[in-house]
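**Q** Here's my sequence, what's the structure:
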Amino acid sequence: MIDFQRHDEDTAPEASKALLAKSKKQNGRIPGLHATMAEAPGLLEGYQLVHQLFLNSSFDKDELTVVWQTVNVEHACTYCVPAHTGIAKSMKVDDSITEALRNETPLPNARLEALRTFTLGMVRERGNVGDDAVQAFLDAGFTKRQVLEVVLGVTQKVMSNYTNHLAQTPVDAPFEKYAWHGAAATA
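**A** Residues are numbered from 1 along each chain as shown. Have a look, this model is predicted:
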């Protein structure tokens, strides 16, 4: 395994130091993902920006969680699934949503299931979903804006999931209790 350094404010490249300080202020610590991304300041800065833009999208907390965890589970990211389980708890997302996403079982309502289905299609088809998939998403009550906001959410998760795969980022201590090794992670 290639060893990727997890930086702190002392060891990070100069352009990442303020970004890590921002992470520490927002999270009370420097998440392992951010510490790893700090090696490439543009990646860390881009990730922070895309994360904030997705948080500010038109999706509510449940829908944000569906997009994040759908991609995390599909990509078998053993760092992000536990992290977003903890994040969902802090956002007061119902545990039934989180558990259905983690376990790839049906979500509690058809609207959220349509969001998961569309997000999975976007990931699996690399954005080449057909008109029928887009129409089904719109028929579930979503908007054309939200079609494109799924792209934003997938982009954020590609940045984090791929980084964690390359660096084998260990799960942060606060999220260890939510460890995940789903079917996709062990395949």
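**Q** Tell me the buried residues in the host helix or strand of Ala18?
**A** Using DSSP states H and E, the element containing Ala18 is helix 14-27. For helix 14-27, a neighbour-count test (16 or more other CB atoms under 10 Å) marks Ser16, Lys17, Leu19, Leu20, Ser23 as buried. (C-beta placed from N, C-alpha, C; glycine too.)
**Q** Quick check: can you list the domain ranges of the protein?
**A** The chain breaks down into these domains under automatic domain parsing: 14-54, 59-186.
**Q** ok, and what's touching the helix holding Ala18?
**A** Helix 14-27 is contacted by residues 7-9, 12, 30-31, 34-35, 37-39, 41, 44-45, 48 when judged by CB atoms under 8 Å, 6 or more residues apart in numbering.
**Q** count of neighbours near His34?
**A** 28 (other CB atoms under 10 Å).
**Q** Same question for His84.
**A** If we define neighbours as other CB under 10 Å, then His84 has 28 of them.
**Q** Find me the pLDDT at it, would you?
**A** We have a pLDDT of 97 for His84.
**Q** mind checking how far it is from Arg111?
**A** In this view, His84 and Arg111 are 20 Å apart by CB to CB, to the nearest Å.
**Q** what's the answer for Asp10, then?
**A** Taken as CB to CB, the span from Asp10 to Arg111 is 47 Å.
**Q** more neighbours, those two?
**A** Arg111 (14 against 7).
**Q** Now do that one against Phe118, distance only.
**A** Taking CB to CB, one finds Arg111 at 11 Å from Phe118.
**Q** shared neighbours of these two, anything?
**A** Phe142.
**Q** for stretch 136-154, which positions count as buried?
**A** Quick answer for stretch 136-154 (16+ other CB under 10 Å): Ala136, Phe137, Ala140, Phe142, Gln146, Val147, Glu149, Val150, Leu152, Gly153, Val154.
**Q** Between the residues you listed, which sits nearest Pro174?
**A** For those, the closest approach to Pro174 (CB to CB) belongs to Gly153, at 22.7 Å.
**Q** Which helix or strand contains the closest one?
**A** helix 144-167.
**Q** Check which residues of stretch 106-116 are buried.
**A** For stretch 106-116, burial by neighbour count (16+ other CB under 10 Å) applies to Leu107, Leu112, Ala114, Leu115, Arg116.
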